[in-house]
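[1] here is my input, please return the structure:
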Amino acid sequence: MKPDTFIKLQKKFGGMWVATSQSGIKVYAAAKKVGKVFDELQRKKIASNKTVIGYIQEHGRVHIYLSLPVHRN
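    Okay, the predicted model is just below:
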């Protein structure tokens, strides 16, 4: 997702969960609670595995996420 696309999402959907297209351009559903996003996708007959679902931070806030690898024995 391009940085300017994310900023646009923050301005409109900050503080919400969203389901977007893979590119982040099209928003299929948005809600304050993630369960409502899944409900909306089901109502629209859109498979959740065909979307990118994530939380959009409020505009003007900086959040840093760290992904750690999972090691299995």
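[2] where along the protein do the helices fall?
    3-13, 34-43 (DSSP state H).
[3] possible to save those as CSV with mean pLDDT and distance to residue 60?
    Heads up, the C-betas are built off the backbone N, CA and C, glycines and all. Formatted as CSV, the entries for those read as follows, by pLDDT from 0 to 100; distance: least, CB to CB, whole Å:
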stretch, mean pLDDT, distance to residue 60
helix 3-13, 83, 8
helix 34-43, 95, 23
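[4] residue 27: which of those helices is closest?
    Go through the helices of the chain one by one with CB to CB and the one that ends up closest to residue 27 is helix 3-13, at 7.0 Å.
[5] show me what the closest one packs onto, helices and strands only.
    Judged by 3 or more CB pairs under 8 Å, 6 or more residues apart in numbering; DSSP states H and E, the packing partners of helix 3-13 are strand 27-31, strand 52-56.
[6] comparing these by mean pLDDT, which bottoms out?
    When the helices and strands packed on helix 3-13 are ranked by mean pLDDT, strand 52-56 comes last with a mean of 89.
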